[in-house]
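1. pasting a predicted model and its sequence here:
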Amino acid sequence: MKSLSFDTYYKDKLLSIPLFNDLSSSLKNEILKKLDFKLYEYEENTVVIEQGNMCCNLYVLLEGVLEVHIIDANGNEVLIEHIEAPRTFATPHLFKKDNRFPATFKTVERSVLLTATKDSTFELISRHPDILKSFLCVSGNCNVCTTLRLDVLSRKTIRERILVYLLKRLEKGTSIVKVVHTLTQLAEYINVTRPALSTEFNKMEKEGLIRRKENNYIELNLKVIKGIV
């Protein structure tokens, strides 16, 4: 980990995140003046935050990708999601009474992280209703990611888990999904073995439920799939 200077490039990155993007120019200037923050660079495969640590800052990933894991009750490491820059993460935990991180965050590639103090963040959102509204919306979206994962894991069969995973990532009006996880990562995400996942994908393709395309795209046969999940 090393400190970085906050230049124009990172300023533009910061103000482009969903938390700040739609705010007025005057509010964006206020953020840059009032937010007490630091900027760090992390190498690939570095643990940024460990499960159980206290959340004392606002965290903004400006560059790179983070992998999020939890240790379950049986001591198994379970993949939750991948976080791609630029965006905030773990916002719902900043002002919770028990504000311990529920997961471990590790870099997948070289990443740049901005951390802003809890006090300066609270001052901004308490003084400016538009920032507060944006903060609540972003926090709600973080909870959606957790709900999505639980929906996948609640399914009994491997096929159902795969299909729910794919359907949740469909863009409106299309039948094609881009899979952002590798096969190994997806197996971790839906909590099955890699060979079992590969076997089920092959079966689904033979049965006409899906068709794998180039660049990790998958076309879904929605008419058939909707009768399964």
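-> Yep, it's here. Numbers count the residues shown, from 1 in each chain.
2. only C-alpha atoms from now on, for both contacts and neighbour counts.
-> Will do.
3. for the nearest residue to residue 165 once chain neighbours are set aside, give me its contacts.
-> Excluding its sequence neighbours, the residue lying closest to residue 165 (CA to CA, 6 or more residues apart in numbering) is residue 152, at 6.2 Å. Contacts for residue 152 (CA atoms under 8 Å, 6 or more residues apart in numbering) come out as 160, 161, 162, 164, 165, 190.
4. the first one sits in which helix or strand?
-> Take DSSP states H and E as the rule and residue 160 turns out to sit in helix 158-167.
5. contacts for that helix?
-> Outside helix 158-167, the residues that reach it (CA under 8 Å, 6+ apart) are 151-153, 155, 177, 179, 190, 192, 196-197, 200, 225, 228-229.
6. same question for stretch 195-215.
-> 158, 159, 178, 183, 187, 218, 219, 220, 221, 222, 224, 225.
7. mind listing what the residue nearest to the spatial centre of the chain touches?
-> Centroid-nearest residue in the chain: residue 83, 3.5 Å away (criterion: CA atoms, centre = their mean). The contact partners of residue 83, by CA under 8 Å, 6+ apart, come to 65, 66, 67, 68, 89.
8. partners of whichever strand or helix holds it, with directions?
-> Element membership of residue 83 [criterion: DSSP H and E] is strand 77-84. Strand 77-84 has the following strand partners under DSSP bridges: strand 65-71 (antiparallel).
9. just the helices in the protein please.
-> Counting by DSSP state H, residue ranges of the helices within the chain are 8-15, 25-34, 118-127, 129-153, 158-167, 183-189, 194-206, 222-225.
10. which of these sits closest to residue 44?
-> helix 183-189 (16.5 Å; CA to CA).
11. next one: the closest one to chain centre, how far?
-> Chain-centre distance of helix 183-189: 15 Å, with CA atoms, centre = their mean, to the nearest Å.
12. for it, what is the average pLDDT?
-> Across helix 183-189, pLDDT averages out at 84.
13. dump the C-alpha coordinates for that helix into CSV.
-> Output in CSV follows, covering the C-alpha atoms of helix 183-189 (Å, rounded to 0.1, in the frame of the first residue of the first chain):
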residue,chain,number,x,y,z
LEU,A,183,-16.1,-20.5,-14.0
THR,A,184,-14.1,-21.0,-10.8
GLN,A,185,-15.4,-17.7,-9.3
LEU,A,186,-19.0,-18.5,-10.3
ALA,A,187,-18.7,-21.9,-8.6
GLU,A,188,-17.7,-20.2,-5.4
TYR,A,189,-20.4,-17.6,-5.8
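14. shaky segments in this protein?
-> 72-74, 142-147, 229 (pLDDT under 70).
15. picking up where we left off before, what residues sit buried inside the strand holding residue 83?
-> 78, 79, 80, 81, 82, 83, 84 (16 or more other CA atoms under 10 Å).
16. kindly report the same for stretch 23-36.
-> 23, 27, 28, 31, 35.
17. swap in stretch 213-220?
-> 218, 219, 220.
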